[in-house]
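Q: pasting a predicted model and its sequence here:
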Amino acid sequence: MYDFKKVEQDIAHFWKEQDIFEKSLEKTRKGKRFVFWEGPPTANGQPHVGHFLTRIYKDLYGRYKTMRGFFVLRKAGWDTHGLPVEIEVEKELGFNNKKQIEEFGIAKFNRKCRESTLKYKGQWEEMSRRMGFWLDMKHPYITYETNYTESVWNILAEFWKKELLYKAHKVVPFCVRCGTPLSAHEVSLGYKRVTDTSVIVKFKIINFELLNKNLKLEIKNSLVYILAWTTTPWTLPGNVALAVGKDIDYVVVEQNGENLIVAKDLVGKVFGSAITYKLSPISYKGRDLVGLEYKPLFDIAELKSPTAHKVYDADFVSTQDGTGVVHTAVMYGEDDYNLGTKLNLPKFHTVDEQGKFTEAVGKDLAGRYVKDPETEKLIIKILNTKYLILNTVPHEHDYPFCWRCNTPLLYYAKSSWFIKTSALNKELLANNATVNWIPEHVREGRFGQWLREGKDWALSRERYWGTPLPIWQCQIGKSEIRNPKSETNTENSKTKNAGCGHTICVGSIKELEKLSVGPKNTYYVMRHGYTNRNEGSMTEAIVSTKLESDTYHLTEDGKAGVQQALELLKLEGIDVIYTSPFHRTKETAQIAARILHKEVITDNRLVDISEGIVAEGKSISSATRRKTPQDKPVDGESWNDVRVRAMDFMKELETKHKNKKILIISHQDTLWLIDAIGKGLTAAEVEQDSANLENFTPGRLREVMWRKIPRNEYGELDLHRPFIDDVIFKCPKCKSKMRKIPDLIDVWFDSGAMPYAQWHYPFENKDIFKKQFPADFIVEGVDQTRGWFYTLLAISTLLGRGAPYKNVMSLGLTLDEKGQKMSKSKGNYVPVPEMMNKHGVDILRWYFASSMTIGEDKAVIGKEIDDKLKGFFFTFQNCVKFYELYAANKEESVGKLTQLDKWLLSRFNRLLASVTEKLDKYDITSASRELEQFVIEDLSNWWVRRSRKRREALPLLRSVLLDMARVLAPFTPFMAEDIWRRLSSNGQVLMANSVHLADWPKVVKKYLDEKLEAEMQSARDVITRGLALRKEKQVKVRQPLALISISQKDKFRRDIEGLIKDELNVKMIKYEKTVLSTNQEGNVPVHYVSDISFNFELTPALVREGYAREVVRTIQDMRKEAKYKIDESVTVHWHTFDNDIAAAMEKWGQEIMRDTMLGSFERVSNPSSPSSSGHVFDVEKESELAPGKKIWLGIKK
């Protein structure tokens, strides 16, 4: 039994101990690059089988291309921003709206988001390690890191320069639960099939004069209505107009004393089989209805205007559904909004951003959630009381939901920032045309159709945890202002005294620092002078970090040193001095106060780092040695603890003082960390900077480089909210304050920017970026066609860099055995570790690679996986075990080749050529199926089975197995490595100590023999037909026959004839004139067998040989029953009363012994009781070889 768990564990340990992945990279580092990008997963959720699936193909090509000599850099990445992270934290905190987040505090909320981002990082890394996915996890790109954000800002600044970034008031998909707009590609991820209530509403016409004039209807004060249909009843209170098609035919239908206007083509749909209506014989064009006025459904003062509640023509009206009349609510539909802008219709929200009706709608509806079914029922009830509902019908349709929180989206008019992707739509389509999509239909299908829609990218998000949109506006937040880059019809231009509205898009931290307005303080720091606690010794200095036990004072030398250092500040001057409350720092501060003539302020936040009660009063060597910012002694402080209090202190100084020179007197660690805060160092950078700690010697004075940057609570440079919100610029136009807009950007922009931001391009790594762009290959699930695949292409195109990738593989979804999408809520979700434990990694990898058609969904069926184990895996393992069983423990070379051997070499090299070609074309499924067919049918069922008695064939088998291990290495890396190592365990030298350090095999053309392959195939066809004919005639294969006649023009080669004779158990082959002529495929003859026949006449000699064959099979079964080793020599005793059988045993005894590995084959002399001879047998059996023909057999060691 193949123990996949043990093999996987052993091989994983071997790879780690021997650094095989790193060595594989080093081996090809100077080779041509094959550029692969890892699409960054969000690690605050557990990996599922879809993630496992994509990693199969990612790893396969990383390994394959490396073996082909390419350098394949595989950098891990983590997507750490956006709603996926925020919603998880909200769940943890029990929040369900933005107000709760703001009350909690944006800084604290974002800190929890940062901590949550890599919550399941260990599980992701373990899955990758366990499945053999080789990826550089030590140096990942992380989207929340400052360098990454700076590169994203640089891209946005480039768009700004090209005037591709603009603000507009538009109808956008809006999630009321998350409180933010979404982009079109995000919306595409969340559609669901739902059933909503559709209503046909009656709008009462009130200007009869126009009605009589245009429609020639002689009616006065009659009930005339125009019918409109909607699937969103919640928008009806916001109705301000009705739209008709000017060339559409409309009619008047009379029903129950009412005249109802509806599109002529839709009368049947609207009224159905009702017989109570009367159809007017006259029809009217939509243009005749334009100008009709109707009574508003709801009395909302803000929606009344000279243009409102009238009928207009619009080109988006059709007769496909509804009534041919479109109800128009300007603020809740894109077409509605555009029509409202054109006609100057009122723009007023009847729904707030929480998705609830406002007070303006009336007390019955105010405060109600619009997508609540009960709210819709109430709207219909209100309109029914006014007799304004014709009918309501359940309507099944696709409706968009938030892709992260599952809330129904509203199309909602509001101000947002957009990227003008529509401006480069032709370029997007042209770049897409250069990409090799797998499957090919994605290019013009799912992806191409998406591109052709040409929608602008809704970029801004009104959230908290994400990359800030780096735009500053003059006087932002004081009032709604015009933006020079806004669309002209979107902003309120009547606002006065609101600043000039100038906007700046920042593209780097350097630019941010240059533009920032700050207090411009200058900071000097000094560590206290030497004391009697022996600071001069690195190991013997006394720990004194508790104020209550502070007894150490400056020495005379210490005072002199301080005084000498402070002389340097006399010319500069100091405005204020701050000191720690310890004796040694206060005494140092007193000297400074005397020399500089300034007051001293004591602040407890400047105390020394606490080493804890255990180390207090002892030598510094007994204190805990910190290596990371998190390390802390018992009852002591970590560097992070000190950073927090030091940052709090510095933040107060920045708020309190302006243009001041400030001296801070404190202790070594505290001052070193203040210096780090001034630079904005991260925790990792602090750790790297720890050597600088020794530069803060007693009495030394130095200036802090205080950067004008946003800092978080640890004093780190942090471009996130709320820290970035505090950065203020001076407007270059009007000198007013410029504040950053609070918006973030779409999280999908983060991942789409990874080709640049993973290298902090263009600020560094320009050379490596050039080498790593564009990608040769990326692969993700089909959902990424409107996610990562799109954002990569959009950003690259807008930057003018063409297509960012050359080959894109889009995988289908993994489904359960019933074809349903896997999900925890359905209870059909299988955790990845459980799948790996049950089936094994390689088997799962092979299962998907060989059975999943790229681009199509795949049901994960346990029986199919088991079939792969029992079929392909066990078959290949048996080939290896066969070699191991008989191989000599020494190096052997391949000897003289038979025709069967030559055929095997030809088949393998043709297979190798085909698999290589298919992998190069990204046809993994066909490649793996060919490998499977070769192993099962050609190698095992044919060559190995036909070569079992040929020990001289073992070196060839080893050679083929080693080459197969290399070919299978990208598919099944653990099994391939295991076989590679097993085949070297007998002392024979291999080209590399790991199969993954070996080169991909090369096709040896001299071994290719198409004629031999065709002839062997014909022979196998003969054998297949012959076996079928024997079965039909009920003649066992073990019974030899004298002759087979084959209707074929050309004779088989002698070796191949021998195979046919052996397989069909015949003595002779006779060739008859062929019925069908031999065909040609190119220059290769294909042997088509038109007919075969046997001579079924059995001579006594043939019958006796048949008996011998039956005995061979019986003895082999007895060996298995006795559980003997395959090479174990044993003894068989036999007895029979039948003379024919006895004669057969005497004649064929030697052959029986050879075929069954017997030491002896002896006849028992006592016919009455064969076992009474004193022998004890492990297995005894009486077998009937033919009716009435019996033989007794006993087997023992």
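A: Looks like it arrived, so ask away. Residues are numbered from 1 along each chain as shown.
Q: so where do the helices sit in the stretch 751-900 of the chain?
A: 754-757, 766-771, 788-798, 832-839, 841-851, 862-868, 874-886, 899-920 (DSSP state H, counting those that start in this stretch).
Q: go through the last one and flag the buried ones.
A: This points to helix 899-920. Buried residues in helix 899-920, counted by 16 or more other C-beta atoms under 10 Å: 899-912, 914-916, 918-919. For every residue, glycine as well, the C-beta is placed using N, CA and C.
Q: with stretch 634-645 instead?
A: 636-645.
Q: taking these one by one, which sit in helices?
A: 639-645 (DSSP state H).
Q: max-length strand in this structure?
A: Under DSSP state E, the strand in the chain containing the largest number of residues is strand 191-204.
Q: what pLDDT, on average, does that one get?
A: Average pLDDT, strand 191-204: 93.
Q: now stretch 234-249
A: Stretch 234-249 comes out at a mean pLDDT of 96.
Q: end-to-end on that stretch?
A: One end of stretch 234-249 sits 29 Å from the other (C-alpha to C-alpha, to the nearest Å).
Q: oh, and call the first residue 47 from now on, that's how I've got it
A: Sounds good: first residue 47 from here, last item stretch 280-295.
Q: now do the buried residues in it.
A: 280-292, 294.
Q: which helices and strands does the longest strand of the chain pack with?
A: For strand 237-250, the packing partners by 3 or more C-beta pairs under 8 Å, 6 or more residues apart in numbering; DSSP states H and E come out as strand 270-276, helix 419-431, strand 435-446.
Q: just the helices in the stretch 97-246 of the chain please.
A: 129-139, 144-150, 152-163, 167-177, 192-207, 230-233.
Q: ok now the last one, how far from the chain's centre?
A: I take that to be helix 230-233. Remark: helix 230-233 is offset 17 Å from the chain centroid, using C-alpha atoms, centre = their mean, to the nearest Å.
Q: same deal with stretch 696-703?
A: Counting by C-alpha atoms, centre = their mean, stretch 696-703 comes out at 45 Å from the chain centroid.
Q: average pLDDT for it?
A: Mean predicted lDDT for stretch 696-703 stands at 96.
Q: equivalent analysis for stretch 1057-1075, please.
A: 93.
Q: buried residues in it?
A: For stretch 1057-1075, a neighbour-count test (16+ other C-beta under 10 Å) marks 1058-1062, 1064-1066, 1068-1069, 1072, 1075 as buried.
Q: and what of stretch 392-401?
A: 392, 394-397, 399, 401.
Q: how about stretch 213-225?
A: 213-225.
Q: and those as TSV, adding pLDDT and distance to A606?
A: Listed next are those as TSV, based on pLDDT from 0 to 100; distance: C-beta to C-beta, whole Å:
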residue	pLDDT	distance to A606
K213	94	63
A214	92	69
H215	92	70
K216	91	72
V217	91	75
V218	91	70
P219	91	72
F220	92	70
C221	91	68
V222	91	70
R223	89	68
C224	89	64
G225	88	63
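Q: would a markdown table of these with distance to L256 be doable?
A: Conversion of the buried residues of stretch 213-225 to a markdown table gives the following (distance: C-beta to C-beta, whole Å):
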| residue | distance to L256 |
| --- | --- |
| K213 | 40 |
| A214 | 36 |
| H215 | 33 |
| K216 | 33 |
| V217 | 30 |
| V218 | 36 |
| P219 | 38 |
| F220 | 37 |
| C221 | 42 |
| V222 | 40 |
| R223 | 45 |
| C224 | 46 |
| G225 | 44 |
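Q: and which of those residues is nearest to I774?
A: Closest approach to I774 among the buried residues of stretch 213-225 (C-beta to C-beta): K213, at 20.2 Å.
Q: list the beta-bridge partners for that closest one.
A: Beta bridges link K213 to W463 when assigned by DSSP bridges.
Q: gap between the two ends of stretch 911-927?
A: First-to-last residue span, stretch 911-927, C-alpha to C-alpha: 22 Å.
Q: so what touches it?
A: Stretch 911-927 has contacts (C-beta atoms under 8 Å, 6 or more residues apart in numbering) with 48, 885-886, 888-890, 892-893, 896-897, 978, 981-982, 985-986, 990, 1003, 1007, 1010, 1021, 1025, 1028-1029.
Q: run the chain-centre distance for that stretch.
A: Taking mean C-alpha positions (C-alpha atoms, centre = their mean), stretch 911-927 and its chain are 31 Å apart.
Q: where does pLDDT dip in the stretch 597-746 of the chain?
A: Residue ranges of the stretch 597-746 of the chain with pLDDT under 70: none are present.
Q: could you dump the helices of the stretch 797-946 of the chain into a markdown table with mean pLDDT and distance to V608 added?
A: Compiled in a markdown table, the helices of the stretch 797-946 of the chain are given as follows (pLDDT from 0 to 100; distance: least, C-beta to C-beta, whole Å):
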| stretch | mean pLDDT | distance to V608 |
| --- | --- | --- |
| helix 800-803 | 98 | 47 |
| helix 812-817 | 97 | 48 |
| helix 834-844 | 97 | 56 |
| helix 878-885 | 91 | 62 |
| helix 887-897 | 95 | 66 |
| helix 908-914 | 89 | 76 |
| helix 920-932 | 90 | 78 |
| helix 945-966 | 97 | 73 |
